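*Asks:* quick one, what's the 3D model for this:
(one chain, ligands or ions: 1)
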Amino acid sequence: MPSVSLNALLIKMFDFKDADRIYVFLTADYGKISAIGKSVRKPKSKKTGILQILNFVDISINKGKTLNLIQEVKLIKSIKNEKLIKNFSLIHYITEIINKTTNENEESLEYFSYLKNFISFFNETDFSSIYYQIIFSYQILEILGWGFSFKSCLKCENLIKEEINFIDSISNGLICPKCNNDKYRKLPIEGIKILKLFQKMNFNILKLLNEPKKEIVEILKEEIDNSISYHLDIKLKSLKFSNLKCN
Ligand SMILES: [Zn+2]
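*Replies:* Down below sits the predicted model:
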């Protein structure tokens, strides 16, 4: 049986038979890969502690006909424990999005390296769950080709000015005040600036900035959630998370 070593992110797991568990990983070269961990639910298993959701690991896998078998696993990077506890729903949301937007045998280099950066940023900063969620969701839209355009009005194509504009989260862009009808929601200049920052994918800058005002975060959250649901055509179980309030 051929054996492969991979750098992988654990995105899902479920119990299998009496003592085993099936794990789903995201890898840069092969996209999603499932593999079975034999006897990992026995108390003596050393792998269990390492195989936690959103951990980056080095795994060696024996490729089987029907199931891949995990041979060895080494921890590379994990989310800090206190962050896991504090952001439980967010973690669920993130893994659900990754699961629904990646495939087997599909190279995912950009996605994988983005997740590495995002998780480092998440570990090293202390923002609210909602703020992390809008950054993540917006940037996933960007990676999947659904990023917003901020340069000109979606209707009249005039350049967007530094003023209050309106946001269209289906066509993913801005509507100028002249073209606005009641359909669209007001987006203050600050909101546009933040989205542009998210678009740059530069966590070194995001790390240094304060979290935006609650009103802005709430507008962005609703619009980005709307865009995610529409463009990814998914009904996320974890979107009940949307009901969480900013604090
Ligand atoms: Zn216009």
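*Asks:* skipping adjacent residues, who's closest to the residue of the chain most remote from its centre in space?
*Replies:* Ranked by distance from the centre of the chain (CA atoms, centre = their mean), the top residue is K178, with 34.8 Å. Leaving aside its sequence neighbours, K178 sits nearest to C156 (CB to CB, 6 or more residues apart in numbering; 6.8 Å). Quick note: C-beta positions are derived from backbone N, CA and C, even for glycine.
*Asks:* hang on, I33 is in a helix, isn't it?
*Replies:* No - assigned with DSSP: H, G, I helix; E, B strand; the rest coil, I33 falls outside any helix and is strand.
*Asks:* got the residues of this structure near the ion?
*Replies:* 153, 155-156, 176, 179 (CB under 5 Å from the ion).
*Asks:* which two in those residues are spaced the farthest apart?
*Replies:* Using CB to CB, the pair of those lying farthest apart is K155 and C176, separated by 7.5 Å.
*Asks:* more neighbours: which of the two?
*Replies:* C176 (20 against 17; other CB atoms under 10 Å).
*Asks:* the more buried one reaches C156, doesn't it?
*Replies:* Yes - if you go by CB atoms under 8 Å, C176 and C156 touch, sitting 6.4 Å apart.
*Asks:* which SSE is immediately downstream of the lengthiest strand in the chain?
*Replies:* When the chain is scanned for its longest strand (criterion: DSSP state E), the result is strand 3-16. Going down the chain from strand 3-16, the next helix or strand is strand 20-27, by DSSP states H and E.
*Asks:* what is the burial count for the residue nearest to K178?
*Replies:* For C156, using other CB under 10 Å, the count is 11.
*Asks:* do the one 4 residues further on as well
*Replies:* Other residues within reach of I160, judged by other CB under 10 Å, total 17.
*Asks:* same check on S120?
*Replies:* For S120, using other CB under 10 Å, the count is 15.
*Asks:* for it, give its distance to K178.
*Replies:* 43 Å (CB to CB, to the nearest Å).
*Asks:* dump the lengthiest helix in the chain to CSV, restricted to CA.
*Replies:* Counting by DSSP state H, the longest helix found in the chain is helix 214-231. Below are the C-alpha coordinates for helix 214-231, written out as CSV (Å, rounded to 0.1, in the frame of the first residue of the first chain):
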residue,chain,number,x,y,z
LYS,A,214,-20.9,47.9,16.7
GLU,A,215,-23.4,49.4,14.2
ILE,A,216,-20.9,49.0,11.4
VAL,A,217,-20.1,45.4,12.4
GLU,A,218,-23.8,44.6,12.5
ILE,A,219,-24.5,46.0,9.0
LEU,A,220,-21.5,44.2,7.6
LYS,A,221,-22.5,40.9,9.3
GLU,A,222,-26.0,40.9,7.8
GLU,A,223,-24.9,41.8,4.3
ILE,A,224,-22.0,39.3,4.3
ASP,A,225,-24.2,36.5,5.7
ASN,A,226,-26.7,37.3,3.0
SER,A,227,-24.0,37.1,0.3
ILE,A,228,-22.6,33.9,1.7
SER,A,229,-26.0,32.2,1.7
TYR,A,230,-26.8,33.5,-1.8
HIS,A,231,-23.6,32.8,-3.6
